[in-house]
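# give me the fold of what follows.
(chains A and B)
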Amino acid sequence: MLDVHHLTVRHGYLQALTDVSLRVAPGETLAIIGANGAGKSTLLRSIIGLHRPSAGSILIGGRDITLLPPHARVREGIALVPEARRLFPSLSVEENLLVGRSSGRPGAWSLGAVYQLFSWMGDRRHEPTVHLSGGEQQAVAIGRALMANPRVLLLDELSLGLAPTMVRRIYGVLPELVETGMAVLLVEQDVAQALRIADRFQCLLEGRTTLEGKPAEATTAQIEAAYFGLAGRTGPGSAA
Amino acid sequence: MNWVNAIVQGILLGGLYALFACGLSILFGVIRVVNLAHGDFAVLAAYLALLVVTTTHLPALATIVIVAPLFALLGYAGQRLIIQKSLDVSPLTTLLVSFGLSVVIQNALLVFASADSHSFDVGHLISASLRITPEVSIAYVSLIIFGTAVALLIGLQLFLSRTAMGRQIRAAADDQEAASIAGIDTHHVFAIAAALAFASVALAGLALGTYSSFDPSAGPPRLVFAFEAVIIGGLGSLWGTLLGGIVLGVAQTIGAQIDPSGGVLAGHLVFLAVLAFRPQGLIRARLAT
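Here you go, the predicted model:
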């Protein structure tokens, strides 16, 4: 569904990503883990089109979208739930959701479907989003992304700033989405949380893939080594 | 009773200032562009209307159906071809570009239209007025301009709050990057906002040429009043531009009542007082509220 081939992204002189490749199939959840500054968010931002890669390509359903602007990628079926949610403060809950439909594809997701997924939201749809708690705002951000009927859903640090119970509740809706065949690519600092829900994971260190595999098949020592860049990197499919 | 008349005339004058200010407010509130050529574009619209009158012999006020759409197109194209490119460089570049446009428009008008001043011929309407009391009478022209300003603001308000495009404009004004990843074509949306701003400045140019007169250098003083109205009312607030325009207009007419040459000065003083004591403006609100 989503294919990233040998992606290299530079911020000025800094090379944020080096030769990163990944693939997410329909109905699959891939987690990108890594320390601060490993390039996780840069990877998601490059996939949605906020950074131009200096090399490599991004394909969705076999179609090359590397040169498309963000809104055109939404039309191709990619949606991002950005870090820190980034809701529109002067819009109501419902208006925030409707904005998600601006370039979306036809599909099952509608206001009604989102209100069904998050049962509290319908009653509060005319409120400004600043009245909502962090977890509720996160739910609106997810709803806004779903309104575009994405084939691939990108989730950037959903757990950031949320209480653990809220994090579990937010991640609790994922299986329902994956069941419909949606591919999920998520970036998460909370490694345990990421490994719990992902089918596969990929660990980034200084912009390179250091380890990838299935959560059940990697040992804690392997993951720690890949995460912190300790000597003797080994592991299934290790690129280092 | 002269004071009542001064206040009434000031309120009506505020309508003219609001017409100038609301385009400025849209450009700043949505695209974050300070358009130093705003007054000059109004004057350009007035000259364009004059050209339409002399070639088609349409009545002056009817030219708005030609001038406003042309200016909307100009705004859309200008945003996509010039302003967006300079925005991508830096906000300072847009300021310089708009200053350059101001100079170019003024000088081009001097070359092609001479320095003579013009005003629109609206027949008997120019002297007709509504007598309310023996001391207070309202010129129809002032009333029409004020009504146009209110109608324009109501229209913009409804457009921004009720339509999908209005919603996209507000979202892009809030957070351009978040808007683009939510699927909004922000360049198109900004250009639509610029089209609205330019259509409104065309209205302002026609109002200026009807209410008083214009010449190639009439833009910059109007820009100052528009800026003052926007600041007094509150940056980015649509209804704030009307309130700001009215406060400025009333300050000027009352100032002129105290001392015939003190009107403009009184307006500036009120503006300075607002800047000093309430720099966020009288209405602190977001777009479309």
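# which stretches of chain A have low pLDDT?
With pLDDT under 70 as the threshold, chain A has low-confidence stretches at A:231-240.
# let's see that with 80 instead.
Chain A contains residues with pLDDT under 80 at A:230-240.
# show me the helices in it, by range?
Ranges of helices within chain A are A:40-48, A:70-76, A:93-99, A:111-117, A:134-146, A:164-171, A:174-179, A:191-197, A:220-228, based on DSSP state H.
# which one of the ones you listed lies closest to residue B:144?
Distance to residue B:144, taken as C-beta to C-beta, is lowest for helix A:93-99 among these, at 34.8 Å. C-beta: built from backbone N, CA, C; applies to glycine.
# elements contacting that closest one?
Using 3 or more C-beta pairs under 8 Å, 6 or more residues apart in numbering or on different chains; DSSP states H and E as the contact criterion, the neighbours of helix A:93-99 among helices and strands are helix A:111-117, helix A:134-146, helix B:164-174.
# what's in contact with that helix?
A:87-88, A:91, A:111, A:114, A:121, A:124-129, A:132, A:140, A:143-144, A:147, B:164, B:167-168, B:170-171, B:179, B:182-184 (C-beta atoms under 8 Å, 6 or more residues apart in numbering or on different chains).
# filter those to the buried ones?
Applying a neighbour-count criterion of 16 or more other C-beta atoms under 10 Å in any protein chain shown, the buried members of those are A:87-88, A:91, A:111, A:114, A:121, A:124-125, A:128-129, A:132, A:140, A:143-144, A:147, B:167-168, B:170-171, B:179, B:182-184.
# show me which residues of chain B sit near chain A.
When proximity is defined as C-beta under 8 Å from any C-beta of the partner chain, chain B approaches chain A at B:164, B:167-168, B:170-171, B:173-175, B:177-186, B:286-289.
# from chain B, how far out is residue A:24?
Applying C-beta to the nearest C-beta, to the nearest Å, one obtains 18 Å for the distance of residue A:24 from chain B.
# show me what that residue is bridged to.
Partner residues in beta bridges with residue A:24, using DSSP bridges, are residue A:2.
# that one and residue A:2 touch, don't they?
Yes: taking C-beta atoms under 8 Å as the contact criterion, residue A:24 and residue A:2 are neighbours in contact, 4.6 Å apart.
# overlap in contacts of these two?
When contacts are counted by C-beta under 8 Å, 6+ apart, residue A:24 and residue A:2 are jointly contacted by A:152, A:183, A:185.
# wait, the first one sits on residue A:60?
Yes: using C-beta under 8 Å, residue A:152 is in contact with residue A:60, at 6.4 Å.
# list residues touching both of those two?
With contacts defined as C-beta under 8 Å, 6+ apart, the residues adjacent to both residue A:152 and residue A:60 are A:1, A:2, A:77, A:78.
# could I get the residues you listed as TSV with neighbour count?
Rendered in TSV, the data for these read as follows (neighbours: other C-beta atoms under 10 Å in any protein chain shown):
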residue	neighbour count
A:1	20
A:2	25
A:77	23
A:78	30
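# go through those and say which is closest to residue A:105.
When these are compared for distance to residue A:105 (C-beta to C-beta), residue A:77 wins out at 6.0 Å.
# give the contact list for the closest one.
For residue A:77, the contacting residues are A:60, A:61, A:105, A:148, A:149, A:150, A:151, A:152, taking C-beta under 8 Å, 6+ apart as the criterion.
# which of the residues you listed count as buried?
The neighbour-count test (16+ other C-beta under 10 Å) marks A:60, A:105, A:148, A:149, A:150, A:151, A:152 as buried among these.
# residue A:100 is in contact with the fourth one, correct?
No: using C-beta under 8 Å, residue A:149 and residue A:100 do not qualify as a contacting pair, with a distance of 9.3 Å.
# what ranges does the stretch 101-250 of chain B have for its strands?
Remark: strands assigned in the stretch 101-250 of chain B by DSSP state E, counting those that start in this stretch are B:129-131, B:137-139.
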